[in-house]
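**Q** give me a model of this one.
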Amino acid sequence: MNEITQAKPMQAALASAGSFITGGMLPMLVSIFAPLHLMVIYQYSFSIVFLAISAIVAAKAGGSSVSKAVIRICFWGTAAMLMTAAVGYLFGVKTT
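**A** Numbering: from 1, shown residues only. Modelled structure (predicted):
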């Protein structure tokens with residue numbers, strides 16, 4: 001280990017905070033401006049677009065395959081949304 005490869009916890013924490021804020025702000029903006037009767041469709045569609053963009057950025061930054069990153073992140077993002085919707089359905093949460 002040397003100074004260049006040593007972990008930088010503050011830098012990692014700030015990068016995570018920035019990505020979580022940005023990642024949460026984009027769908028929130030969609031929910032503010034999208035028509036209520038189409039909210040589920042808008043939220044899913046824009047969330048997938050935002051996930052794909054973040055996958056592209058991460059793949060390019062990490063030097064990995066862009067297509068594999070987009071497929072992986074969009075697949076697991078969709079799975080997470082489906083699981084969240086299923087839990088909401090089990091607890092009787094209404095979306096309209």
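
**Q** all helices for the chain, in order.
**A** Taking DSSP state H to define them, one finds helices in the chain at 9-33, 39-62, 66-90.

**Q** which residues are contacting the helix or strand of the chain with the lowest mean pLDDT?
**A** Here the helix or strand of the chain ranked lowest by mean pLDDT, DSSP states H and E is helix 9-33, holding a mean of 86. Contact with helix 9-33 is made by 39, 42, 43, 46, 47, 50, 54, as judged by Cβ atoms under 8 Å, 6 or more residues apart in numbering. No exception for glycine: its C-beta is placed from N, CA and C like everyone else's.

**Q** how much space between the second one and residue 11?
**A** Put plainly, it is residue 42. Look at residue 42 and residue 11: by Cβ to Cβ, to the nearest Å, they are 35 Å apart.

**Q** the two: which has the busier surroundings?
**A** Neighbour comparison, residue 42 and residue 11: the larger count goes to residue 42, with 16 against 9 (by other Cβ atoms under 10 Å).

**Q** okay, now residue 47: neighbour count?
**A** Neighbourhood size, residue 47 [other Cβ under 10 Å]: 19.

**Q** and the least confident helix or strand of the chain, how far from the chain's centre?
**A** Helix 9-33 sits 9 Å away from the centroid of its parent chain (Cα atoms, centre = their mean, to the nearest Å).

**Q** on that earlier part again, what's the most buried one of the helices of the chain?
**A** Highest mean neighbour count among the helices of the chain (mean count of other Cβ atoms under 10 Å): helix 39-62, with a mean of 15.

**Q** and that helix with helix 9-33, angle?
**A** Relative orientation of helix 39-62 and helix 9-33, computed by axes from the mean of the first three to the mean of the last three Cα atoms, to 10 degrees: 150 degrees.

**Q** counting contacts, what elements does helix 39-62 pack onto?
**A** On a contact count with 3 or more Cβ pairs under 8 Å, 6 or more residues apart in numbering; DSSP states H and E, helix 39-62 meets helix 9-33, helix 66-90.
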